[in-house]
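In: Sharing a model that was predicted from the sequence below.
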Amino acid sequence: MSIDWLELEKTARNWIYEAASLIKQSLANPIQIESKSNPDDLVTEVDRAVESFFYHKIQKTYPKHLFLGEEGVAEELDSLKGTVWIIDPIDGTMNFVHQRYNFAISVAVYHEGVGMVGLIYDVMNDELFHAIRDQGAYINDEELVPVKERPLHESIIGLNAKWLVQEKNPYRNPLKALVRDVRSIRSYGSAAIEIAYVAADRLDGYISVNLSPWDYAAGVILLEEVGCRASTFKGEHLDFLQKSTVIVGKPDLHKEMVSSYVGEEL
Ligand code: 2AM
Ligand code: CA
Ligand code: CA
Ligand code: CA
């Protein structure tokens, strides 16, 4: 039986609004914070609760679908066969903790490895970026138009400046050269929001040296609908089962950033 993607998107959207309301309620009380891979890699009880919320909703409504999420509520996946929900319950946990602002819920649905539905909800701004494959991308009810190119020297790129000062980052020098040559850089602290901003023409490109599938799975579905590109720094297809370098942008800009800057470590 084929899947009604419109219906599925509507269902996912309702879960997202419900989860956002849980997150906002949680801001009224003190939040338990822990560190993961390093002292600045944060997780809260809310991240875990929101991931569980989605996992249980999906299990109940779509028992055959599979689940891949940041906080490990479900078992690990080693393939994208079937229908897979790739979810980041809170993207921008540091912002959630420090700013109580600039964080998103990111939900993507892949079918036999193809991105079908992507939703990124900027909770505090009430902006839902959403797309169904081949049906356009939207912010709330407003349809996004295919992006227009800008030359690299007039472009604004999303980039975390920390990557420029980390000595063990092999892409430090290419990224410095890029920062020098573009008009300016911005850092919002949520990869999902930054990728959505590229689709919405608020940024021309976005770059990160190390992201996981749930950081970009929904974003790349939005990008495809407006004619943008997403790849690894080497220009290869993104992997949805392991960590990767990520570079996204308008097609010409993306090509130039890969070929003249980050395509090779220096
Ligand atoms: P997160 O908030 O879901 O962890 C921060 O610049 C962006 O990078 C966020 O989207 C954040 O997602 C993501 N990120 C990926 N890996 C990270 C890590 N190890 N530590 C902190 N942020 C990470
Ligand atoms: Ca995290
Ligand atoms: Ca994330
Ligand atoms: Ca997260």
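Out: Cool, the structure landed. Numbers count the residues shown, from 1 in each chain. Ligands and ions are numbered 1, 2, ... in the order given.

In: could you pull out the helices for the chain?
Out: 5-26, 45-61, 93-98, 172-181, 191-199, 213-225, 251-257 (DSSP state H).

In: Could you check how sure the model is about the fourth one, as an average pLDDT?
Out: Which is helix 172-181. Helix 172-181 shows a mean pLDDT of 97.

In: now do the second one
Out: The average pLDDT within helix 45-61 is 98.

In: Would you mind giving me the confidence score for E264?
Out: At E264, pLDDT is 79.

In: likewise A19?
Out: pLDDT, A19: 98.

In: Run through the residues that contact it.
Out: The neighbours of A19, taking C-beta atoms under 8 Å, 6 or more residues apart in numbering as the test, are V50, F53, F54, P89, I105. C-beta: built from backbone N, CA, C; applies to glycine.

In: switch to 10 Å and redo it
Out: Neighbour list for A19: 46, 49-51, 53-54, 57, 87, 89-90, 105, 107, 121, 123 [criterion: C-beta atoms under 10 Å, 6 or more residues apart in numbering].

In: Get me the contact residues on the stretch 101-250 of the chain for ligand 1.
Out: Within the stretch 101-250 of the chain, the positions near ligand 1 by C-beta under 6 Å from any ligand atom are N160, G189, S190, A191, N210, L211, S212, D215.

In: got a list of what the last one touches?
Out: Taking C-beta under 10 Å, 6+ apart as the criterion, D215 is in contact with 70, 86, 88, 91-92, 106, 190-192, 194-195, 208, 243-244, 246.

In: Single out the most deeply packed of the helices of the chain.
Out: helix 191-199 (a mean of 29; mean count of other C-beta atoms under 10 Å).

In: Minimum distance to ligand 3, which residue of the stretch 1-150 of the chain gives it?
Out: Per C-beta to the ion, the residue of the stretch 1-150 of the chain with the smallest distance to ligand 3 is D91, at 3.9 Å.
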